[in-house]
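A.B. asks: Coordinates only, no sequence provided:
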């Protein structure tokens, strides 16, 4: 009988996090279904990319445990925000705890390379049957944290990022009359309008100096389209502020895989789309004009050998020979790691309702955290109202 796996995600980034697993399970002969939070807006191009390969259904995470029970899947992969993962695991165990019969195995992981708050995210994830990690970097951090907790028996497995397929020889691309530099925009990196305007200015300058290249700014979402993060300063809106725009610079919303099939060069500040580009053998750069910032995630790329300042770029063709260091690729997991280990984990085990890994946070912890968060939001709204009514002064009063 064909085994079944359901994969749940509640944002485009979470969907990208589990897609490699979806393809791996499918190639192994599993029946794969994708579940998406129906209350969240997912970019149209992302939904199209997923639905082309898998059946897709919409569901709320609150009803997910019951759905998994009724659909009789063998395994479920859950990708969501950390606190929601913890809540799902808690409700899932309550549903199956009194049932000694077999239950679905459950796993979670990280949606790409994690730049900061790795341990904080791990604490919320503890309690799943297994946690998928990217590479030795993640494994070292995980072991140090897990071994210091009461969850020291928590299984993890390295599944890797998309492996780099670049070598010393420039890979042949689909025939195209022009070279192209694809720049992957990020919704919140960098954050300020001044920084994002700087990016546009430099890309305009590069386009002007390289008329035989097409400069394609790949935006994550369309202008005014909603995603997990609020898009405060969309690149399309900023570009319109510049009167002189060379014809070889364009905003695009095409699927990234399609763009990479014919790309000559790829660039980003810190998007994990970098690994997709390297996997497709596209020479890539990490924009370092804003320095090393943990909040941007650029610190993770400091030893990659790809850091490049846009301000220093004159001739794009020079960058076609850039390559990441082997040591860095191994460290983050962007090498040929056997991603079958996760599938093997589930095919070799049977899971029962009374047997669960321990969670790090208790139910009482969650209740305290939830009340504090609700109180903080309420206090902020009250303060805003009092400032509007001029009953109290705002933080900038008198400045």
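C.D. replies: Sure thing, it's come through. Everything numeric in this text was worked out from a predicted model, so none of it was measured. Residues are numbered from 1 along each chain as shown.
A.B. asks: Going by C-alpha atoms from here, please, whenever you check contacts or count neighbours.
C.D. replies: OK.
A.B. asks: Going along the chain, name the strands of the chain.
C.D. replies: 4-9, 31-37, 55-59, 75-79, 105-108, 130-133, 156-158, 179-184, 213-218, 249-252, 265-268, 284-287, 307-308 (DSSP state E).
A.B. asks: Could I get those in a markdown table, plus columns for mean pLDDT, distance to residue 342 and mean neighbour count?
C.D. replies: Converted to a markdown table, the strands of the chain look like this (pLDDT from 0 to 100; distance: least, Cα to Cα, whole Å; neighbours: other Cα atoms under 10 Å):
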| stretch | mean pLDDT | distance to residue 342 | mean neighbour count |
| --- | --- | --- | --- |
| strand 4-9 | 98 | 12 | 23 |
| strand 31-37 | 96 | 15 | 21 |
| strand 55-59 | 95 | 21 | 15 |
| strand 75-79 | 98 | 11 | 24 |
| strand 105-108 | 98 | 9 | 24 |
| strand 130-133 | 97 | 7 | 23 |
| strand 156-158 | 96 | 6 | 20 |
| strand 179-184 | 97 | 30 | 23 |
| strand 213-218 | 98 | 32 | 22 |
| strand 249-252 | 96 | 35 | 19 |
| strand 265-268 | 97 | 30 | 24 |
| strand 284-287 | 96 | 29 | 24 |
| strand 307-308 | 96 | 32 | 20 |
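A.B. asks: Mind putting those strands into a markdown table with distance to residue 327?
C.D. replies: Below are those laid out as a markdown table (distance: least, Cα to Cα, whole Å):
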| stretch | distance to residue 327 |
| --- | --- |
| strand 4-9 | 32 |
| strand 31-37 | 34 |
| strand 55-59 | 38 |
| strand 75-79 | 29 |
| strand 105-108 | 27 |
| strand 130-133 | 18 |
| strand 156-158 | 17 |
| strand 179-184 | 25 |
| strand 213-218 | 29 |
| strand 249-252 | 34 |
| strand 265-268 | 21 |
| strand 284-287 | 17 |
| strand 307-308 | 15 |
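A.B. asks: So which of the ones you listed is nearest residue 350?
C.D. replies: strand 105-108 (7.8 Å; Cα to Cα).
A.B. asks: and that closest one, which strands flank it?
C.D. replies: In the sheet, strand 105-108 lines up against strand 75-79 (parallel), strand 130-133 (parallel) (DSSP bridges).
A.B. asks: and for that strand, what are the contacting residues?
C.D. replies: Residues outside strand 105-108 that contact it (Cα atoms under 8 Å, 6 or more residues apart in numbering): 74-79, 125, 128-132, 346, 350-351.
A.B. asks: Tell me which two of the residues you listed sit farthest apart.
C.D. replies: 79 and 350 (22.0 Å).
A.B. asks: where do the helices sit along the stretch 251-399 of the chain?
C.D. replies: With helices called from DSSP state H, counting those that start in this stretch, the stretch 251-399 of the chain shows them at 256-261, 273-279, 326-332, 341-347, 363-388.
A.B. asks: looking at the ones you listed, which has the lowest confidence?
C.D. replies: If those are sorted by mean pLDDT, helix 363-388 sits at the bottom with a mean of 66.
A.B. asks: picking up where we left off before, with distance to residue 250 as new columns, can the strands paired with strand 105-108 be given to me in TSV?
C.D. replies: Formatted as TSV, the strands paired with strand 105-108 follow (distance: least, Cα to Cα, whole Å):
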stretch	distance to residue 250
strand 75-79	33
strand 130-133	36
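A.B. asks: so which of those strands comes closest to residue 157?
C.D. replies: The nearest among the strands paired with strand 105-108, by Cα to Cα, is strand 130-133 at 5.2 Å.
A.B. asks: Which residues does the closest one contact?
C.D. replies: With Cα under 8 Å, 6+ apart, strand 130-133 has contacts from 106-110, 125, 139, 154-160, 342.
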